[in-house]
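**Student:** got a predicted structure here, sequence first:
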Amino acid sequence: MSRHLYLAGIDRWADVRRDTLQIQQALTYQIDTCSFEVKGTRPQEGEDVKIEDTDHGIGKPLFAGIVVNAELVGKSPNVWRVECDDYTSLMDSKLVIETYEDMPADEIFLDIAAKYCPDFTVTGVQAGAPVVETTGDAFKYKRPSECFKWLCDYVGWNWEPDYFKDLSFYDAEELAMPAPMELVPGGKFKFGRHSIDIQGLRNRVYVIGGKMMSGLQTVQWRADGVSRHWTLPWGPHEIQYNNELARIGIDEVPYTVGTEYLHDDVEYDYMLSYMEKYIKCSNKTPTPPEGATLSFDAKQDIDVITVVDDYDSQDAVAAIQGGDGVYEHVITDNSLTTLDAAEVVGLADLREHANPKVSGYFDTRIPGWFPGQLVTINLPDRGVVGTFLVQSVTIAPIAPYPSIWSYRINYGSRLKGVADFLKAMASAQQNVPAEGTTIIKILRSIDKVEIGDKETVYVFPAIPPYKCGDYSVDAICGYVELK
C-alpha cells in the first residue's frame, strides 16, 4: 500500500478509519490541521504525525505535525479521535524578548529563528527584504509566530513553516503559482458556490491621529506705531533662542525673545506668553514705528489627518454598482503622532477592506492542489470568470477507493485582481504605497487672518527627528518633542 500514517514513527495506516481522515491545508502562516480516528494504542499529545502517499507524486507529505488532542470515542477495540496541528506550536515554545533597529526584515527573521526556534531550518528565507526602522516593544514577550506575522504586516512579505520543519520568509508576489487545472465547462470538478461580499467595504480611509509638531511658521504684523502687544493665532513651540528657531524681527532685523514669567524682561527685546498666546515689547524696547513689518517664527502642534484612497477599488465597484464607487471609513487613534504612522494604518486597512471579498469552492479528484495557487475559472454560465487565489485545500480519502483522494478547493480574492491582493505596502519607513493607492496628506490649514493691520500665516512641513527630554524649553507648556 502506498499510503502511510506515522504516529511517533510507527505506521498506523491500517488502524485508521478511512472515512474520518481529513487534512486542512491553509494559506501561508495559518496553521494546517488534520483529524482522524484510529483504533488501538492511544496516541499521545506531542507525538509526531506524518501522512504520506508515495503514489501521490507531490514529493512531500500530505501532512506533518504533532498530536494536540486524543479523545476516546469507542471501545472494543478502543477508538481515538485525534486532532493534529502542523509544526507551528513547536516553534512557539519560547517567548521572544528582542528589539531591532534599522535591520532588513529577513535578518531579523533569521535572528529570531536562530535564538528561539533552534529545531527549525531556514533555507526558505529569502534575502532582500525591506528595512525595518524599529520594532519598538512589538517583540517583548511574544511568540516567534507573532513576531514573524508582525514582520509580514510591516514589509508585505509572507512566512510559513513546511512539513520538513523548514521556515520560509518571502516576498508576497512569490506566493502565487499555477493550479493543476483550469475550470471550464465539462471539466473534472463539481462546482460549489461563488459569492461576493461587500460587508465592511471601504476604499477611502480617513485616519485622524493625535498631535504633531508643525514646521516653522511665520506670523507677520504691520505696526501701527501705537501697539506694543500682539495676539498669536496659536500656541507657539520650540522656542530656542540661541539658534533663532523662534525669533522676532522688524523689517528683517532680528530681536531676542524671552518667555514671560520665566525670563528677566531686561534681558530680552520681546516677551512671549505661551499660555495666553501673545507677544509684547519688553520695557526697554521702543514701540515699533508705523509701517514696520514684524515677523515671528515658531512651531505649533497640529492635528494629524491623512486620507488614503484606492482608486482601482473605486473604479471596480463603480463599474458594478454605478456612481463613484467610493466607500468611506474613518479611523481615530490618538497614539498616531506622525503622518507616516497614520498612512501605514490607513494603507493596512485598505489592503484588508478595499474591495468586495470574492469567495467560493469546488470539489475535484485531480491532485496537486496547494494554498497559494492561482486557479483560472471560466464558467460564464455561472457568472464566474476570472483568476482566483486558492486559500485552503481540504483533503480526504474516498472510500472504497484506496488510491483516490478528494480535494475541496476554497478560493477567494478581491475584485481588482489577485495580483493586487498579493501585493502589500513596502516598508513603512520607505513610504512606498501599494500600486493603485493614492495618499493625500492633510495638515490643518490656517486661513489668512487680520490682526491689527495685517497678519499672514504660512504652514511648512515638519522636519524630524524631534528632541525629547527635560532640557527642552518647550516642556514648560506641557509639550515636548519626541525623537
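**Tutor:** Nice, thanks for sending it over.

**Student:** which residue ranges of the stretch 201-350 of the chain form strands?
**Tutor:** Secondary structure of the stretch 201-350 of the chain, counting by DSSP state E, counting those that start in this stretch: strands at 204-213, 217-222, 229-231, 247-250, 253-255, 257-259, 270-273, 278-281, 293-298, 301-310, 328-332.

**Student:** lowest average confidence, helix or strand, in the protein?
**Tutor:** strand 437-443 (a mean of 41; mean pLDDT, DSSP states H and E).

**Student:** what about the residue nearest the centre of the chain, distance to T135?
**Tutor:** Residue closest to the mean C-alpha point of the chain, counted by CA atoms, centre = their mean, is D153 at 3.9 Å. Using CB to CB, to the nearest Å, one obtains 12 Å as the distance from D153 to T135. Where C-beta positions appear, they are placed from N, C-alpha and C, glycine not excepted.

**Student:** likewise for F169?
**Tutor:** 15 Å.

**Student:** can you check E98 too?
**Tutor:** 7 Å.

**Student:** mind giving me the domain ranges of this protein?
**Tutor:** 3-86, 90-174, 177-208+305-440, 216-298+445-477 (automatic domain parsing).

**Student:** lowest average confidence across those domains, which one?
**Tutor:** Out of the domains of the chain, domain 216-298+445-477 stands lowest, with a mean of 67 (criterion: mean pLDDT).

**Student:** out of F169 and T135, which sits in the more crowded spot?
**Tutor:** Using other CB atoms under 10 Å as the criterion, F169 and T135 rank with F169 on top: 25 against 21.

**Student:** still on that earlier bit, looking at the strands of the stretch 201-350 of the chain, which is closest to Q25?
**Tutor:** Across the strands of the stretch 201-350 of the chain, Q25 has its closest neighbour in strand 301-310 (30.2 Å, CB to CB).

**Student:** which parts of this protein are helices?
**Tutor:** Along the chain, counting by DSSP state H, helices occupy 88-91, 105-116, 144-155, 311-321, 339-353, 418-422.

**Student:** out of those helices, nearest to T231?
**Tutor:** helix 339-353 (29.0 Å).

**Student:** the closest one vs strand 204-213, what angle?
**Tutor:** Helix 339-353 runs at 160 degrees relative to strand 204-213, counting by axes from the mean of the first three to the mean of the last three CA atoms, to 10 degrees.

**Student:** using PDB, list the CA coordinates for helix 339-353.
**Tutor:** Provided in PDB are the C-alpha atoms of helix 339-353 (Å, rounded to 0.1, in the frame of the first residue of the first chain):
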ATOM      1  CA  LEU A 339       1.700  61.400   9.100                       C
ATOM      2  CA  ASP A 340       3.800  58.400   8.200                       C
ATOM      3  CA  ALA A 341       2.300  56.400  11.100                       C
ATOM      4  CA  ALA A 342      -1.200  57.400  10.100                       C
ATOM      5  CA  GLU A 343      -0.500  56.400   6.400                       C
ATOM      6  CA  VAL A 344       0.700  53.000   7.500                       C
ATOM      7  CA  VAL A 345      -2.500  52.400   9.400                       C
ATOM      8  CA  GLY A 346      -4.700  53.700   6.600                       C
ATOM      9  CA  LEU A 347      -2.900  51.600   3.900                       C
ATOM     10  CA  ALA A 348      -3.100  48.500   6.100                       C
ATOM     11  CA  ASP A 349      -6.900  49.000   6.400                       C
ATOM     12  CA  LEU A 350      -7.200  49.400   2.600                       C
ATOM     13  CA  ARG A 351      -5.300  46.200   2.000                       C
ATOM     14  CA  GLU A 352      -7.800  44.300   4.100                       C
ATOM     15  CA  HIS A 353     -11.000  46.000   3.100                       C
END
